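**Q** how does the following fold in three dimensions:
(chains A and B)
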Amino acid sequence: MTTNSPLIKRITAMLLAILLLLTLVSCSNGQFKGSSRYSTEFFGTYVEMICYDYVGKNEQTQLDLTWSSVEAILTDIDNSISLTNADSDVSRFNALEGNQTISISNTTALMIRIAKDLYSKTNGAYNPCVYPLVDLYGFSARFTNITTEQEYAQMAKLPYDRDTLSQYSQQLPQQEYIDAFILLNDFDGITMQGNAIDGYTLTKSATSVQVDGTIYYQQIDLGGIGKGYAVDMVRSVMADNGYQYGLFTCGGSSIYLGKYASIDVYNGFTEGDYNVGITSPRYSGTVGNNYMTTKAMDTVVSSSGDYQTGHYYMVGQSRLCHIIDADSGYPINYKGSNTQSGICAVAIFGGNGADGDCLSTALCVMGIEGALEYLNSDDNVNKYQYIITLYNSEQPNYCEVVTNIADYTISQSAQGYYRVVSTTVNGITTYNGQLITE
Amino acid sequence: MAIKQVEQGKQNSYFRKTDLIIYGSILVVVALLFTIFFVKGREQQLDGIEIVYMGDKNITIFTYSFDSDRYQIHPAWQQLITITPTESGYVVVISNADQHERFNRMVIDCNERKVWVEEANCSLSRDCTRMDAIDNAEKVIVCVPHRLKILPLSPNYDNNVNLE
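**A** Next up, the predicted model:
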């Protein structure tokens, strides 16, 4: 006993010291504070960043600096590809005649390179050159703030514009314009030269078409890539500033999801998935419009479809949307008057935002067989998780959902959709369900 | 001999009296720190408020944080929300999105960390002006006719994201 006594004292003293140290550390360091939210407008849509932070790291200053970086990124993209900004690179390019060249920013050049890559990989299903057709159907930037006949009457017109706004939902554009503008769809004809140090130039092809005495040249729209590109850049900024918890959403169709974090006095700090609600492509009820939800974190989510508000109108029973098939010259799923079938909504999880933004649009154009072939090709298998929704106007209260997301992470929503049957083959599940179209 | 035995006994015991005092003091400090931290964590202090418009979707149209003295307005509501600084904080007037002549006038008292609706033309009884001021993280003011909900700014936004 005499020999053990000092040893026991030492051990006791050490344990108490460690306990004190742990207490001090837990009280003074890493106290989770909560989230901060920043928002602005970008590309005519609502942009929001949410960051979760800790007390004691001068968080507000750092958050403000992070948001300043984000705003700088959004401004840079706007100056590069905005179609409402007449001085942007893309607006200046669209104003050129054939064979003319302009200098472009490195940001624009990067997006052109990504667009060309996706144009090639999707065999033209993603095609920025459909812009003249997009304009023909009334979905271009010129129509952004036009909601009344009076506003439309005051808008500067082009030869193919309708006499009144209501005519857009009464008849298709003149076929001669559709046929002509299809000829402007060769994105390979637009060439880019230069490098990041000396600068880049973009040259329009010599291709032109003439309709009713007016000559038209190629025009492009990189809007299908801009939001996703912004998401990639902001994701990088958030990571550089140490915000692994939080999210950045660009209009709800392109989202970076970090980790969700929460704290309460009972459970303490916890982290986990976000619940991602998938908007029902046909439900128009006033309370809730998700028809299924899934879980995700540390990923990028992109979506496209024929349902997005302000990006479609009806001609008879056919829905004409802003996603145009460059080969046919018609909006996706248009199968003649009063008939519509095909992919009406796509959500992609994974990869990067720019690719996802292009790809979600391209998959809509490909149709379900082409989309599944692409997603299961050697280059892409297991790269993305996807939820593809199919619609057929002959069965308006019915839809089919094809996904490779594990069944247990998907839950159906009370509104919009009721699953009735599901089958899984080779990891791809098909849900057949009733689509509520209130 | 007896003194020697006592001294021998002291040497053989596990702790001296002074040891026990020191160890006891450490335990008291640990207990105090733990209690302070735990109790502080349970305080439902008001960090700020957010106003949610319960229209087609529940959208947050306005947020204010006491700590940063910073407010944000949803872009679509920039024209509908006016903010006037006062000596103790702000007066926020929210016009209704559907009928602009309707309004709620909300007071933010930064000194008292308190928020209440001072005036509104929502109904005859103007219930929202009679509801308790929000001064902790457990109170809510609701204006049903104007579809507005004023609630404490949550330290954690929920984990629901809508893909559109």
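**Q** make it CA atoms for all contacts and neighbour counts henceforth
**A** Fine.
**Q** near chain B, which residues of the stretch 301-438 of chain A?
**A** Within the stretch 301-438 of chain A, the positions near chain B by C-alpha under 8 Å from any C-alpha of the partner chain are A:Val301, A:Ser302, A:Ser303, A:Ser304, A:Gln308.
**Q** which ones among the residues you listed are found in strands?
**A** A:Val301, A:Ser302, A:Ser303, A:Ser304 (DSSP state E).
**Q** which of these sits closest to chain B?
**A** Of all these, chain B sits closest to A:Ser303, with 6.8 Å by C-alpha to the nearest C-alpha.
**Q** what's the local residue count around the spatially closest residue to the closest one that is not a sequence neighbour?
**A** With C-alpha to C-alpha, 6 or more residues apart in numbering or on different chains as the criterion, A:Ser303 has its nearest non-adjacent residue at 4.3 Å, and that residue is A:Ala347. Neighbour count for A:Ala347, taken as other C-alpha atoms under 10 Å in any protein chain shown: 28.
**Q** which residues sit in contact with A:Ala347?
**A** A:Ile278, A:Val301, A:Ser302, A:Ser303, A:Ser304, A:Ser360, A:Tyr386, A:Ile387, A:Ile388 (C-alpha atoms under 8 Å, 6 or more residues apart in numbering or on different chains).
**Q** could you redo the last one with a cut-off of 10 Å?
**A** A:253-254, A:278-279, A:301-305, A:356-357, A:359-361, A:363, A:384-389, A:403, B:163-164 (C-alpha atoms under 10 Å, 6 or more residues apart in numbering or on different chains).
**Q** selection in PyMOL covering whichever of these are buried, please.
**A** Restricted to buried positions by 16 or more other C-alpha atoms under 10 Å in any protein chain shown, the PyMOL selection for these reads:
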select buried, (chain A and resi 253+254+278+279+301+302+303+304+305+356+357+359+360+361+363+384+385+386+387+388+389+403) or (chain B and resi 163+164)
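**Q** which of the contacts of A:Ala347 fall in strands?
**A** Members of the contacts of A:Ala347 lying in strands (criterion: DSSP E): A:254, A:278-279, A:301-305, A:385-389, A:403, B:163.
**Q** farthest-apart pair in these, please.
**A** A:Ser254 and A:Thr403 (18.7 Å; C-alpha to C-alpha).
**Q** quick check: phi and psi at the residue nearest to the spatial centre of chain B.
**A** Centrality entry for chain B: nearest residue to the mean C-alpha point is B:Leu46, 2.0 Å, by C-alpha atoms, centre = their mean. Taking degrees, to the nearest 10, you get phi -80, psi 110 for the backbone angles of B:Leu46.
**Q** likewise A:Asn397?
**A** Geometry field for A:Asn397 lists phi and psi as phi -100, psi 30, criterion degrees, to the nearest 10.
**Q** can you give me the helices in the chain?
**A** Since you didn't name a chain, this refers to chain A. A:5-28, A:59-81, A:89-94, A:106-121, A:131-136, A:149-154, A:175-182, A:223-240, A:353-375 (DSSP state H).
**Q** actually, chain B is the one I wanted.
**A** Per DSSP H, chain B carries helices over the ranges B:2-12, B:17-42, B:127-130.
**Q** pLDDT weak spots in chain B?
**A** B:1-15, B:34-44, B:56-58, B:75, B:97-100, B:154-157 (pLDDT under 70).
**Q** now chain A
**A** A:1-6, A:20-34, A:54-60, A:263-268, A:283-289, A:412-421, A:433-438.
**Q** quick one: the most centrally placed residue in it and A:Asp78, what's the gap?
**A** For chain A, the residue sitting closest to the mean C-alpha position, by C-alpha atoms, centre = their mean, is A:Ser254 at 3.0 Å. Separation of A:Ser254 from A:Asp78 (C-alpha to C-alpha, to the nearest Å) stands at 16 Å.
**Q** that older thread, any idea how far chain B is from the residue nearest to the centre of chain A?
**A** According to C-alpha to the nearest C-alpha, to the nearest Å, A:Ser254 stands 8 Å off from chain B.
**Q** tell me the contacts of that residue?
**A** Taking C-alpha under 10 Å, 6+ apart, we find A:Ser254 in contact with A:47, A:225-232, A:248, A:300-304, A:347-348, A:353-354, A:356-357, B:163-164.
**Q** same thing with A:Val301?
**A** For A:Val301, the contacting residues are A:228, A:231, A:249, A:252-257, A:276, A:347-353, A:356-357, A:360, A:384-386, B:163, by C-alpha under 10 Å, 6+ apart.
**Q** neighbours around the closest residue to it other than its chain neighbours, how many?
**A** Closest residue to A:Val301 in three dimensions, ignoring its sequence neighbours and counting by C-alpha to C-alpha, 6+ apart: A:Phe349, at 4.6 Å. If you count neighbours by other C-alpha under 10 Å, A:Phe349 ends up with 24.
**Q** so A:Phe349 sits against A:Asp355, correct?
**A** No: in this structure, A:Phe349 is not within contact of A:Asp355 by C-alpha atoms under 10 Å, at 11.0 Å.
**Q** what touches both of these two?
**A** Each of A:Ser302 lies in contact with both A:Phe349 and A:Asp355 under the rule C-alpha under 10 Å, 6+ apart.
**Q** where exactly do the strands run in chain B?
**A** Per DSSP E, chain B carries strands over the ranges B:48-54, B:58-65, B:70-73, B:81-85, B:89-95, B:103-109, B:114-120, B:141-143, B:148-152, B:160-163.
**Q** tell me what the first one is packed against?
**A** Using 3 or more C-alpha pairs under 10 Å, 6 or more residues apart in numbering or on different chains; DSSP states H and E, the elements in contact with strand B:48-54 are strand B:58-65, strand B:70-73, strand B:114-120, strand B:141-143, strand B:148-152.
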